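1. prediction below, plus the sequence it came from.
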Amino acid sequence: MTAFAVLSNSPDQTDALARALAAELSRGDVVLLEGALAAGKTHFVKAAVAALDGADPVTSPTFSIVNVYRTALASVLHIDAYRLSGPPEFRDLGLEELIEEGVSLIEWGDRIASDFPQALTIRFELIDGADDPRRLTFSAETPRWAPVIDALKARFA
């Protein structure tokens with residue numbers, strides 16, 4: 001496993017991390033975002049979509065489950081798995097083709113992680129219950145993400 005943890009002391013630092021990751025994304029990539037409510041997952045997605053020149057307003061997909069944003073790279077699927085019971089219910093959504101052709105950023109991704117062994121996982125942790133800082137841990141089991149994590153480490157360590 002490749003992993004890197006970084007402390008973000010402000011929303012601006014979280015934005016910088018999201019922009020750096022966005023520069024490394026390719027069609028078919030899946031990023032699983034994990035962490036408590038209000039840990040910064042949707043904020044991260046907003047910054048990543050903006051970095052990909054997305055023009056659509058980014059909102060939480062808590063009730064819609066999936067929002068799709070057009071960007072210069074590809075469609076970005078912003079998925080919220082919080083209300084899903086698990087991978088079978090997720091599969092019933094029929095998103096396979098969109099996931100293959102776009103970039104998927106999945107909040108509460110730990111609920112469906114078994115369907116995405118090739119994904120990058122970002123864990124958001126509030127430090128001492130405060131709004132800031134928070135720790136973001138980037139990890140992956142596959143070689144696809146090693147250079148991405150190395151680039152983040154080189155820039156933010």
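-> Ah, there it is. Residues are numbered from 1 along each chain as shown.
2. for stretch 88-97, buried residues please.
-> By 16 or more other Cβ atoms under 10 Å, the buried positions in stretch 88-97 come out as 90, 95. No exception for glycine: its C-beta is placed from N, CA and C like everyone else's.
3. run the chain-centre distance for it.
-> Counting by Cα atoms, centre = their mean, to the nearest Å, stretch 88-97 is centred 18 Å from the centre of its parent chain.
4. and stretch 73-85, by the same measure?
-> 9 Å.
5. low-confidence bits of the chain, can you list those?
-> Along the chain, the model assigns pLDDT under 70 to residues 129-131.
6. helix or strand: which one has residue 13?
-> Using DSSP states H and E, residue 13 falls within helix 11-22.
7. which residues touch that helix?
-> Contacts of helix 11-22 with the rest of the structure, by Cβ atoms under 8 Å, 6 or more residues apart in numbering, involve 6, 8, 31, 40, 43-52, 132, 134, 136, 138, 148, 151-152, 155-156.
8. one more time with 6 Å, if that's ok
-> Residues outside helix 11-22 that contact it (Cβ atoms under 6 Å, 6 or more residues apart in numbering) are 8, 40, 44, 47, 48, 51, 52, 152, 155.
9. quick one, the host helix or strand of the fourth one and helix 11-22 angle?
-> Counting by DSSP H and E, the element that carries residue 47 is helix 41-51. Here helix 41-51 runs at 60 degrees with respect to helix 11-22, directions being taken by axes from the mean of the first three to the mean of the last three Cα atoms, to 10 degrees.
10. what about helix 41-51, distance to the chain center?
-> That offset, for helix 41-51, works out to 8 Å (Cα atoms, centre = their mean).
11. send the alpha carbons of it over as CSV?
-> What follows is helix 41-51, C-alpha atoms only, in CSV (Å, rounded to 0.1, in the frame of the first residue of the first chain):
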residue,chain,number,x,y,z
LYS,A,41,-15.4,16.0,1.5
THR,A,42,-17.8,18.2,-0.5
HIS,A,43,-15.4,21.2,-0.2
PHE,A,44,-12.7,19.0,-1.7
VAL,A,45,-14.9,18.0,-4.6
LYS,A,46,-15.8,21.6,-5.3
ALA,A,47,-12.1,22.6,-5.5
ALA,A,48,-11.3,19.5,-7.7
VAL,A,49,-14.1,20.2,-10.1
ALA,A,50,-13.1,23.9,-10.3
ALA,A,51,-9.5,22.9,-11.1
